[in-house]
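[1] sequence and predicted model, in that order:
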Amino acid sequence: MTPTTLLWLVTGCLMLQPLSTDLYLASLPNLASDFAVSPAAVQQTLSLFVFGFGSAQLISGPLSDRYGRRPVLIGGLPVYLLSGLACALAPALDWLVVARFVQAIGCCTAVVVARAIIRDAYSPADGARVLAKASSMLALAPILGPILGGYLQVTFGWRAAFVALALAGLAVWIAALRSMKESNSNPNPDAMRLGSLTRTYLDVMHTPAFWAYALPGAISYASIFVFISGTPFVLIRVLGVATQYYGYLFAFGVCGYLSGTLICRRLLGRIGVERVLALGTTLGMIGGLGFLGLVLADVRHWALVVAAQFLVMTAHGINFPCAQSGSLAPFSQQAGAAAGLFGCLTMYAALLAGMWVGASHNGTLLPLASISATVGVVLFVTTRLLARYGETA
């Protein structure tokens with residue numbers, strides 16, 4: 001594949017994940033009303049998606065090491081497409097939750113393969129730059145997705161969002177069928193054998209440089225998932241923002257992510273991956289603590305939530321390309337497994353954050369601000385404690 005083709009394909013694959021979580025955010029309060037359930041119950045459509053996404057990566061990563069990146073992607077995308085249609089047809093919340101779990105399995109194959117392709121094709125530093133460029137492009141998904149989702153909700157209801165997701169999966173599948181070439185030049189015939197698979201994951205887990213980037217990456221993703229899972233109820237139910245306008249506010253916050261990826265791209269060549277990651281995690285902590293401080297000062301306005309989301313997502317845009325590339329850097333033959341484990345950790349961290357937000361919702365801004373500040377501090381401290389392992393990678 002040419003660099004341009006590879007970039008567009010990777011971007012399309014990675015874009016499915018934020019679309020899957022962000023497109024229907026404006027519909028969450030309406031789902032609670034339609035199914036007559038609590039906000040915490042509706043949060044299961046997010047948390048089970050995240051759990052399925054994280055767990056399936058432990059299998060789809062090694063599968064791509066064994067059989068190649070292309071067949072895993074070509075086989076996984078139809079699962080995403082069909083399960084999206086099942087979500088749209090769900091007659092009850094339990095049906096929707098199960099369909100979302102299956103949808104996550106199909107989605108994770110696209111993301112794991114995209115990360116592994118970058119490791120196949122580029123050095124760690126070049127890979128971080130390519131991922132930052134792809135992240136800048138895929139930021140359109142979380143920017144435009146909630147806006148589109150808000151209008152789909154107002155015009156057609158919540159089912160339309162899942163039809164749109166199925167169509168997005170179809171578009172990526174067609175693009176992969178037409179343009180994707182195999183990038184795994186040395187498939188590992190033992191990659192899926194239980195003993196070999198166990199040794200592979202143990203090797204990855206025993207590599208300190210992996211944790212130096214994987215843990216900050218996972219916690220950074222949890223920091224934005226706090227807002228992904230919490231802002232629909234806080235902005236719409238607590239602060240009274242109209243459903244059709246929610247997407248615009250969320251999109252402005254996500255512009256921070258786009259800004260962060262642009263900052264990351266500019267700084268990587270100047271100060272290196274480690275110092276860029278240190279900068280991003282510092283900004284994330286400032287965003288979370290500032291949010292909490294102003295809430296404790298009795299500031300109660302939608303602009304505060306959006307500003308805090310903007311800062312935290314800017315930090316994540318700086319952090320995540322560094323974390324993805326750095327965590328896979330030590331592994332040439334095990335890139336798929338390392339990408340799967342990285343993705344699993346990321347999704348489990350997001351799952352815990354989403355469950356925490358859902359369980360703590362009490363009709364005020366304080367739980368969201370407290371959780372955001374706590375995650376920001378943990379991210380800052382963890383990155384500093386593990387920094388010496390990343391420097392020796």
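    Okay, I see it.

[2] where along the protein do the strands fall?
    Using DSSP state E, the chain contains no strands.

[3] any low-confidence regions in it?
    Counting by pLDDT under 70, the chain contains low-confidence residues at 1, 124-125, 332-333, 336, 390-393.

[4] can you pull the buried residues of stretch 370-390?
    Across stretch 370-390, burial judged by 16 or more other C-beta atoms under 10 Å covers 370-376, 378-380, 382-383, 386-387, 390. Heads up, the C-betas are built off the backbone N, CA and C, glycines and all.

[5] take these and keep only those in helices.
    370-376, 378-380, 382-383, 386-387, 390 (DSSP state H).

[6] which among the residues you listed gets closest to Tyr248?
    Nearest to Tyr248 out of these is Ser372 (C-beta to C-beta; 20.9 Å).

[7] which among the ones in helices among the buried residues of stretch 370-390 gets closest to Leu279?
    Nearest to Leu279, judged by C-beta to C-beta, of those is Thr383 at 10.3 Å.

[8] circling back: and of the ones in helices among the buried residues of stretch 370-390, the nearest to Asn184?
    Gly390 (25.9 Å).

[9] ok, Ser38 - how many residues close by?
    For Ser38, the count of nearby residues is 11 (other C-beta atoms under 10 Å).

[10] measure it to Pro29 for me?
    According to C-beta to C-beta, to the nearest Å, Ser38 and Pro29 sit 11 Å apart.

[11] how about Ala90?
    Applying C-beta to C-beta to Ala90 and Pro29 gives a distance of 17 Å.

[12] Arg237 contacts Leu28, doesn't it?
    No: counting by C-beta atoms under 8 Å, Arg237 stays clear of Leu28, with 9.7 Å between them.

[13] circling back: which pair of the ones in helices among the buried residues of stretch 370-390 spans the longest distance?
    Most distant of these, by C-beta to C-beta, are Ser370 and Gly390, 29.4 Å apart.

[14] pull the longest helix from this structure.
    Max-length helix for the chain by DSSP H is helix 243-296.

[15] same for it, what does it pack against?
    helix 124-138, helix 140-156, helix 208-231, helix 302-328, helix 366-391 (3 or more C-beta pairs under 8 Å, 6 or more residues apart in numbering; DSSP states H and E).

[16] and the angle from it to helix 208-231?
    Calculated by axes from the mean of the first three to the mean of the last three C-alpha atoms, to 10 degrees, helix 243-296 forms an angle of 110 degrees with helix 208-231.

[17] off-centre distance for helix 243-296?
    How far helix 243-296 lies from its chain's middle: 14 Å, per C-alpha atoms, centre = their mean, to the nearest Å.

[18] quick one, what contacts Ala373?
    Neighbouring residues of Ala373 by C-beta atoms under 8 Å, 6 or more residues apart in numbering: 288-289, 291-292.

[19] now do 6 Å
    Neighbour list for Ala373: 288-289, 292 [criterion: C-beta atoms under 6 Å, 6 or more residues apart in numbering].

[20] measure the closest residue to Val312 other than its chain neighbours to Ile318 for me?
    Of all residues not flanking Val312 in the chain, Gly287 sits nearest, at 4.3 Å (C-beta to C-beta, 6 or more residues apart in numbering). Gly287 is 12 Å from Ile318, where distance means C-beta to C-beta.

[21] and those two? which has more neighbours close in?
    Shown here are Gly287 and Ile318; by other C-beta under 10 Å, Ile318 has more neighbours (32 against 25).

[22] check contacts around that one.
    Counting by C-beta under 6 Å, 6+ apart, Ile318 makes contact with 260, 263-264, 280.

[23] widest-spaced pair of these?
    Farthest pair in the contacts of Ile318, by C-beta to C-beta: Ile263 and Gly280, 8.3 Å.

[24] of these two, who's got more company?
    Gly280 (28 against 19).

[25] for that one, which residues are in contact?
    Counting by C-beta under 6 Å, 6+ apart, Gly280 has contacts 315, 318-319.

[26] for the closest residue to it other than its chain neighbours, give its distance to Ala114.
    Among residues not flanking Gly280 along the chain, Ile318 sits closest, at 3.2 Å (C-beta to C-beta, 6+ apart). Distance of Ile318 to Ala114, given as C-beta to C-beta: 20 Å.

[27] count residues in the vicinity of Leu58, would you?
    17.

[28] that one reaches Ala338, doesn't it?
    No: Leu58 is beyond contact range of Ala338, at 11.2 Å (criterion: C-beta atoms under 6 Å).

[29] what's the separation between Trp211 and Leu82?
    36 Å.

[30] ah, wrong one, I meant Val381
    Remark: distance between Val381 and Leu82 (C-beta to C-beta) = 43 Å.

[31] quick one: contacts for Ile371?
    So Ile371 contacts 226, 356-357 (C-beta under 6 Å, 6+ apart).
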